[in-house]
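> output the structure for:
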Amino acid sequence: MTENEIAKEVVDCCFKVHSTLGAGLFESVYEAALAFEFDKRGIEYTRQEPIEVYYEDELLDVGFRADFIIEDKFIIELKSVETLEKVHHKQILTYLKVTGMKLGLLVNFNVDLIKDGIHRKINGQL
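Prediction:
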């Protein structure tokens, strides 16, 4: 699947999870529910995947983890917060930059309408 095809599937899964569970639960609940939806749809993913960061060809011992990496080319960062802050947007952009991936979604499930909680992030051009 292309990054855009993955994005469409992920957004569909987010809508399903949010319409079933609603807002206000812990991030870990939404993560587990999304994993369930990905499994049902045959979407390949890893959860809580460590993200390696290099500085001058040296691997740094840091603790970044992506909530989901889909098919080794798409990152999903989940939140369940009252308001997304600038740092949340920067976080996923940094993940995209250090992994070289081009597309990701920042998803906040603590919203009345999930469409207001989904933010598409691009690293470079698609």
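> from residue 35, how far out is residue 29?
Applying CB to CB, to the nearest Å, the value for residue 29 to residue 35 is 11 Å. All C-beta atoms are positioned from the backbone trio N, CA, C, and that covers glycine.
> so residue 39, which of the three states?
Secondary structure assignment for residue 39 (DSSP: H, G, I helix; E, B strand; the rest coil): helix.
> how close does it get to residue 33?
In this view, residue 39 and residue 33 are 11 Å apart by CB to CB.
> who's more crowded, the two?
residue 33 (19 against 11; other CB atoms under 10 Å).
> correct me if wrong: that one contacts residue 17.
Yes - with contact defined as CB atoms under 8 Å, residue 33 and residue 17 form a contacting pair (4.5 Å).
> now residue 72: phi and psi?
Main-chain dihedrals, residue 72, degrees, to the nearest 10: phi 60, psi 20.
> next: residue 74.
phi -150, psi 130.
> show me where the protein has its strands.
Secondary structure of the chain (DSSP state E): strands at 45-50, 54-55, 58-59, 65-70, 74-79, 103-108, 118-122.
> pipe the ones you listed into JSON lines and attach mean neighbour count and mean pLDDT per row.
Shown next, in JSON lines, are those (neighbours: other CB atoms under 10 Å; pLDDT from 0 to 100):
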{"stretch": "strand 45-50", "mean neighbour count": "14", "mean pLDDT": "94"}
{"stretch": "strand 54-55", "mean neighbour count": "8", "mean pLDDT": "86"}
{"stretch": "strand 58-59", "mean neighbour count": "8", "mean pLDDT": "88"}
{"stretch": "strand 65-70", "mean neighbour count": "22", "mean pLDDT": "96"}
{"stretch": "strand 74-79", "mean neighbour count": "23", "mean pLDDT": "97"}
{"stretch": "strand 103-108", "mean neighbour count": "24", "mean pLDDT": "97"}
{"stretch": "strand 118-122", "mean neighbour count": "15", "mean pLDDT": "97"}
